[in-house]
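Q: Turn this into a structure:
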Amino acid sequence: MRPANRTRNFGESTIREMTRLAIQHNAINLSQGFPDFDPPEAVLHAATGAILGGANQYTITWGHPALRQKLAEIYTRQLGWAVDPDQHITVTCGVTEGIAAAQMALLDPGDEIIILEPAHENFRPASIMVGAAPVAVPLEAPGYRLDPARIEAAITPRTRALLLNTPHNPTGRVFDDDEIAGVVELVLRHNLILFTDEIYDRILYDGRTHQSPGGLEALRDRTITVGGLGKSFAVTGWRLGYIISPASVAVAIRKIHDYMTICAPTPLQIAAAAALALPDSYYAEMTAAYHQRRDLMMGALEELGFVATLPQGAYYTMADYTQMDIPQAQWDSTRFAQWMTTEVGVAVVPGTSFYSLPGYGEQSIRFAFPKKLATLQAANERMMRMQNKGN
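A: Numbers count the residues shown, from 1 in each chain. Prediction:
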């Protein structure tokens, strides 16, 4: 037997590999983006109540009615058009499945899709598994601004779609109105589909608010909005995502989802509906807590000599380590990240894992900070000993 050719064009997840390395070496895991604190108690009770109450069998393929209804209410407000729970919403097993299912439903083999790099490492394999060709366009450090002219230069007659992630992982960028206006112009001029990954839409800093591109009238019928609940409610292991799409393509998306996973876990969908019903005070408290985590993380990195990007959203920062006064500052990012994990005891992700473009990410690493303040403080204390370990 031999593996299918499609598996030759991408590797296993570096992020998940760094988590395995962290476990092996008892390192504090600032690599994989999952919280180390519990979900809201009301959400846990809703999940256990659903399990004990007998909601343990398949639900409707495209999502439990209560969850779809709640999502329809939220996205009708967020997008500014009447989102119908029966026509426009498909609940998926996480955003990862959402991105893959949407591409499988809308892209044909040979189509090209533009992916802005650095990018989450799942994006490129999803395209390859569909048979589409991912085309990388870089966002240049340290600002990581979206450059419409650079994107347009990558468009060919085969280009069918653009994938946009905002707030952005791994940089923490929130693309501003001018950048989004550039996206609108490109999508319209070149008749593109816009896939958006908006899982961090509730984690924003310094008074920012989220703008869903699918809420702009010009993009309403061209945008596939993908979101999820794992990050905002600290339930990444529940694997709950969703797709908001025009009715004209929802049927195709649902067929793909049906045969990929049948449905997302029923009791967890019921609990997700309860999570989405939490009061606004929950989001205010979450935002305040993430500001504290960001400030603690960024303060430590600055003190250590990292040059790190201040996150505007999400809970990551890309940090350049080449100015640090340690011999390891001249290493490539893979070797540096492994050293940090095995010797310093703090797991991070090498910058190269977010690029397919050669030469990018060689001198940076990603920190994830969705952790208890005590966890971040312990990580900072370990990193403060890097000077001794480096010499």
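Q: How about the secondary structure of Y242?
A: Following DSSP: H, G, I helix; E, B strand; the rest coil, the label given to Y242 is strand.
Q: Excluding chain neighbours, what is closest to it?
A: The shortest distance from Y242 to any non-neighbouring residue, by C-beta to C-beta, 6 or more residues apart in numbering, is to V91 (5.0 Å). Where C-beta positions appear, they are placed from N, C-alpha and C, glycine not excepted.
Q: L44 too?
A: D38 (7.0 Å).
Q: Compute the number of surrounding residues for that neighbour.
A: Look at D38: counted by other C-beta atoms under 10 Å, it has 10 neighbours.
Q: One more: Q103?
A: So Q103, with other C-beta under 10 Å, has 28 neighbours.
Q: nearest residue to it other than its sequence neighbours?
A: Closest to Q103 by C-beta to C-beta, 6+ apart is V130, at 4.9 Å.
Q: The one you found touches A105, doesn't it?
A: No - V130 is not in contact with A105 according to C-beta atoms under 8 Å; the separation is 9.2 Å.
Q: just to revisit the earlier point, next one: phi and psi at the residue nearest to L44?
A: phi -80, psi 160 (degrees, to the nearest 10).
Q: Against R293, how distant is it?
A: 16 Å (C-beta to C-beta, to the nearest Å).
Q: and if you look at F369?
A: 5 Å.
Q: Of these two, which one has the most company?
A: More neighbours surround F369 than the other of F369 and R293, with 26 against 19 (other C-beta under 10 Å).
Q: pretty sure that one is touching Q377, no?
A: No - F369 is beyond contact range of Q377, at 11.4 Å (criterion: C-beta under 8 Å).
Q: So for these two, which residues contact both of them?
A: L296 (C-beta atoms under 8 Å, 6 or more residues apart in numbering).
Q: all strands for the stretch 101-250 of the chain, in order.
A: 112-117, 133-138, 159-165, 193-197, 223-228, 241-244 (DSSP state E, counting those that start in this stretch).
Q: want to throw those strands into a markdown table with mean neighbour count and mean pLDDT?
A: Putting the strands of the stretch 101-250 of the chain into a markdown table (neighbours: other C-beta atoms under 10 Å; pLDDT from 0 to 100) gives the following:
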| stretch | mean neighbour count | mean pLDDT |
| --- | --- | --- |
| strand 112-117 | 22 | 98 |
| strand 133-138 | 18 | 98 |
| strand 159-165 | 23 | 98 |
| strand 193-197 | 24 | 98 |
| strand 223-228 | 26 | 98 |
| strand 241-244 | 26 | 98 |
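Q: Show me the one of those strands that comes nearest D84.
A: strand 241-244 (10.2 Å; C-beta to C-beta).
Q: what does the closest one rub up against?
A: 63, 71, 75, 79, 83, 88-98, 101-102, 199, 214, 224-230, 250, 253, 257, 264.
Q: With stretch 288-304 instead?
A: For stretch 288-304, using C-beta under 8 Å, 6+ apart, the contacting residues are 203, 205, 308, 310-311, 315, 317, 319, 324, 367, 369-371, 373, 376-377, 379-380, 383-384, 386.
Q: Can you go through the residues you listed and name the buried ones?
A: 203, 205, 308, 311, 315, 317, 319, 324, 367, 369-371, 376, 379-380, 383, 386 (16 or more other C-beta atoms under 10 Å).
Q: Looking at those, which are in strands?
A: Among these, the ones falling in strands (DSSP state E) are 308, 317, 319, 367.
Q: The second one and N9: what is the separation?
A: In this view, T317 and N9 are 29 Å apart by C-beta to C-beta.
Q: picking up where we left off before, could the ones in strands among the buried ones among the contacts of stretch 288-304 go into CSV alongside pLDDT?
A: Converted to CSV, these look like this (pLDDT from 0 to 100):
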residue, pLDDT
A308, 96
T317, 98
A319, 98
F367, 98
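Q: Could I get those residues in CSV, plus columns for distance to F123?
A: Formatted as CSV, these follow (distance: C-beta to C-beta, whole Å):
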residue, distance to F123
A308, 23
T317, 20
A319, 22
F367, 20
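Q: Going by distance to S13, which of these wins?
A: F367 (17.4 Å).
Q: wait, the closest one sits on A314?
A: No - contact between F367 and A314 fails when scored by C-beta under 8 Å: they sit 11.6 Å apart.
Q: Now do the helices in the stretch 201-350 of the chain.
A: Along the stretch 201-350 of the chain, counting by DSSP state H, counting those that start in this stretch, helices occupy 247-261, 266-276, 280-304, 333-339.
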